[in-house]
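>>> Provided below for reference: sequence and predicted model.
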There are 2 protein chains.
Amino acid sequence: MTAPRQARRQKVTLQHVADAANVSKATASLALSKSPRISQPTRLRVLEAVEALGYVYNQRAASLRTQRSYTIGLIIRDLSNPFNAELTSGAESRLAEHSYSLVLATSDDDLDKQARMVQTMMERDVDGLILSPASRTEPDLLRKLLAHRPLVLLHPYYAGLAADCVGMDDDKGTARALDHLFQLGHRRIAFVGGFAEQATRQRRLRSYRESLRRQGIGFDPTLCIDSPVTRQGGYDAIHQLLRLQEPPSAAYCYSDVIAFGVMLGLRAARLEAGVDFAVIGFDDVPEATLWHPGLTTVSADPRGLGENAAQLMLRRISQPDLPVKSIIMPSKLIVRESSAAPVKWPAS
Amino acid sequence: MTAPRQARRQKVTLQHVADAANVSKATASLALSKSPRISQPTRLRVLEAVEALGYVYNQRAASLRTQRSYTIGLIIRDLSNPFNAELTSGAESRLAEHSYSLVLATSDDDLDKQARMVQTMMERDVDGLILSPASRTEPDLLRKLLAHRPLVLLHPYYAGLAADCVGMDDDKGTARALDHLFQLGHRRIAFVGGFAEQATRQRRLRSYRESLRRQGIGFDPTLCIDSPVTRQGGYDAIHQLLRLQEPPSAAYCYSDVIAFGVMLGLRAARLEAGVDFAVIGFDDVPEATLWHPGLTTVSADPRGLGENAAQLMLRRISQPDLPVKSIIMPSKLIVRESSAAPVKWPAS
DNA sequence: GCCTGAAGGTGAATCGGTTCATCATGGAGG
DNA sequence: CCTCCATGATGAACCGATTCACCTTCAGGC
């Protein structure tokens, strides 16, 4: 068990293959890339030599000449969130299908770290970058990136930025969630979680206010709670809401993770989601169906999001001059038990 | 919004920087790598030129010469499993701290795809490979890899393979889980989930049988159910178990994901985990605490696993001749409600 | 005034492929 | 028998860095 490691092998290069096959390096290269200029017998000799010597192609060396690395960078905020894990998985699969590799980095939603990671990606010379920008990212940074590399943005749409992007239909999703609550009879509905600087949250909040307005309900800022996008965040938020003079009867949450926290908080307060209080989330992470009661949520298909981002990137790389495209994934309300129950209605 | 994409910029190379600073390419290179052979004024001129021209270092070109790519490959079975997502996240962070990048690929536990991904990693010339081998992986493949590149294996320990590896203490973890069940009074305990060819499962199963033996309980093969590592797998398994003549009163599950399925299945059968039946999982994924009732489980610290794998890799790269090391992460039984309740005891 | 050595730079080879312009060969056509 | 062309193969430049051996200067010592 203490066997020492062998020294790194001396590599077999294309030159060795060429020598073994009695051809020039140029011929060997052409043979491997299936050029029609090389005769069948010669090609076979080269392939045999490859086999015999155990040659492995050096993509890195090749890319120096061809200026293509077949590598795509993905910078995401945090992989612990199952939503992002699914998204990453989707992107990886789609890229692998087209023989691109994925270089992964996380920014922890921190501008400095994001800047470092972007820099690294540039130095690694990725062919393109898929980015889920950290909160408060300057459009200027993105504009600069865009000038150098194909760029696909993950959720936020920066107005006036000519970048491909893929996101979800936050507006319709939010509207559907609220309509559902209205139909159940809710009037005081909290908006829970996330921070004001998050672009996605801004869009959902806007749509929330719009929906209220259409119902002739005024916007009550005390029902709108900031919090980290964690279970703890939701847990704390619902406690704050329940202490209000006139507490809400329902909560529309910025994400499923927060909704889970809200449900935990309700239970701690001896209330039950779907019975005493309605809870709706956003994302439809796999756990949403498992929770007890099942979480009503806006489905976001994270895997599809990742696949589409990859697809958009591949498209951009193969046809750089196409007009900018953004894919808005349709959102769907998945009704489960956390909202289905009728509500004990406080007099109002 | 239809702004066309700019053509890829013509790159600023070190030569351009050198010209602008009025020095040779060699000097520019040395200046940037902080060689003491370059005087301070010259270094500053170079740095200014870098700034002025917007030069970005080309790691890819450099690596051709230096034979280090500062890139580590990670091949994992599937990123949708939160356990693996956490692990990946841990590895990525640790690597990033040391300015290595992570190239990610998934094998879907498929031997062919794994082979392709390994090949890709070799072609990309990663400095090292962290691999969670697919089931039924030939030791020979690993041995071959090992001869070419630093390799860190993820969970399985292949006997006689001189590779660094990191895994968990499956034996002790399993033993603790079973002892806990014995203390609660259980005698008929099912082993649920996974497939026979999975090395990790083999170890846990062995330890399970060992524990039974120590208690003088015979091994009953009908209590040992194969299944995919999914919620559905657990769901189906518990149904099968409940139909037995003499059903078990507890289930020790191969992973949390399966345990969740078991709990769902129980609920569908109008039973409640922690009241009518004891359920124990393995992994302690974040959802385990949120589930209702909370899942008793063996904690596996996936993030720590990933961090340690990265650490081992960095160690191997910097000191290739160190003896082989394997890190076994201690396992801990986290007791929550799914097992805490006493059991309605069938006469036996 | 000459020699020595340190300090600071530089030319050129190198890493492992790709690619283009060029060359050798041999068969067809006149 | 000579010319021409198609076919197949090759030499050498190139991509963008690193690195080694060598070169120039100049200060200091005798």
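Sure thing, it's come through.

>>> phi, psi of residue A:320?
phi -60, psi -20 (degrees, to the nearest 10).

>>> any idea how far residue B:50 is from it?
27 Å (CB to CB, to the nearest Å). Bear in mind the C-beta positions are built from the backbone N, C-alpha and C, glycine included.

>>> who has more neighbours out of these two?
residue B:50 (21 against 13; other CB atoms under 10 Å in any protein chain shown).

>>> go ahead and confirm the more buried one touches residue B:17.
Yes - counting by CB atoms under 8 Å, residue B:50 touches residue B:17, with 5.6 Å between them.

>>> just checking, residue A:329 touches residue A:169?
Yes - using CB under 8 Å, residue A:329 is in contact with residue A:169, at 6.7 Å.

>>> got any ranges where the stretch 1-150 of chain A has weak pLDDT?
For the stretch 1-150 of chain A, the stretches with pLDDT under 70 are A:1-10.

>>> who in it is up against DNA strand C?
Residues of the stretch 1-150 of chain A found near DNA strand C, taking CB under 7 Å from any atom of the strand as the criterion, are A:11, A:13-15, A:25-26, A:29-30, A:32-33, A:55-58, A:61-62, A:64-66.

>>> can you do 10 Å?
A:10-18, A:24-33, A:35, A:37, A:55-68 (CB under 10 Å from any atom of the strand).

>>> whichever of those end up buried, select them in ChimeraX.
Restricted to buried positions by 16 or more other CB atoms under 10 Å in any protein chain shown, the ChimeraX selection for these reads:
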select /A:12,13,14,16,17,18,27,28,29,30,31,32,55,58,59,60,61,62,63
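
>>> out of the residues of the stretch 1-150 of chain A next to DNA strand C, name the ones that lie in strands.
Counting by DSSP state E, no part of these is found in strands.

>>> can you flag which of the residues of the stretch 1-150 of chain A next to DNA strand C belong to helices?
A:14-18, A:25-32, A:59-66 (DSSP state H).

>>> got the residues of the stretch 1-150 of chain A near DNA strand D?
Near DNA strand D, when you scan the stretch 1-150 of chain A using CB under 10 Å from any atom of the strand, you find A:18, A:21-31, A:35-43, A:45-46, A:60-67, A:123, A:125.

>>> the same query, at a cut-off of 7 Å, please.
Counting by CB under 7 Å from any atom of the strand, the stretch 1-150 of chain A sits next to DNA strand D at A:22-27, A:30, A:36-39, A:41-42, A:64-65, A:67.

>>> could you work out the most separated pair of those residues?
A:41 and A:67 (32.6 Å; CB to CB).

>>> was I right to think residue A:186 contacts residue A:251?
No - using CB under 8 Å, residue A:186 makes no contact with residue A:251, being 9.8 Å away.

>>> so between the two, which is more surrounded?
residue A:251 (32 against 22).

>>> residue B:168 versus the more buried one, what's the distance?
38 Å.

>>> strands of the stretch 101-250 of chain A, start to end?
Per DSSP state E, counting those that start in this stretch, the stretch 101-250 of chain A carries strands over the ranges A:101-106, A:128-131, A:151-153, A:164-168, A:189-192, A:224-225, A:250-253.

>>> average pLDDT across the fifth one?
Strand A:189-192 shows a mean pLDDT of 97 in the predicted model.

>>> local confidence estimate at the closest residue to DNA strand D within the stretch 151-300 of chain A?
Closest approach between the stretch 151-300 of chain A and DNA strand D, counting by CB to the nearest atom of the strand: residue A:151, at 20.2 Å. On the pLDDT scale, residue A:151 is placed at 96.

>>> enumerate the residues of the stretch 201-348 of chain A near chain B.
With the criterion set to CB under 8 Å from any CB of the partner chain, the stretch 201-348 of chain A comes near chain B through A:231, A:260, A:264, A:267, A:286-287, A:290-292, A:303, A:316, A:320-324.

>>> show me which of these is closest to DNA strand C.
Distances from DNA strand C to those, taken by CB to the nearest atom of the strand, are shortest for residue A:320, at 17.0 Å.

>>> for residue A:162, see how far away that closest one is.
For residue A:320, the distance to residue A:162 - CB to CB - is 12 Å.

>>> equivalent analysis for residue A:198, please.
23 Å.

>>> so between the two, which is more surrounded?
residue A:198 (21 against 16).

>>> contacting residues around the more buried one?
residue A:135 (CB atoms under 8 Å, 6 or more residues apart in numbering or on different chains).

>>> again with residue A:337
Residue A:337 neighbours (CB under 8 Å, 6+ apart): A:273-274, A:293-294, A:296.

>>> now it. Nearest residue, chain neighbours left out?
residue A:293 (3.4 Å; CB to CB, 6 or more residues apart in numbering or on different chains).

>>> can you give me phi and psi for that neighbour?
phi -70, psi 160.

>>> quick one: contacts of stretch A:82-93?
So stretch A:82-93 is contacted by A:72, A:74, A:76-79, A:102, A:104, A:130, A:132, A:154, A:255-256, A:283, A:285-287, A:300, A:302-307, A:309-310, B:78-80, B:82, B:85, B:88, B:104-106 (CB under 8 Å, 6+ apart).
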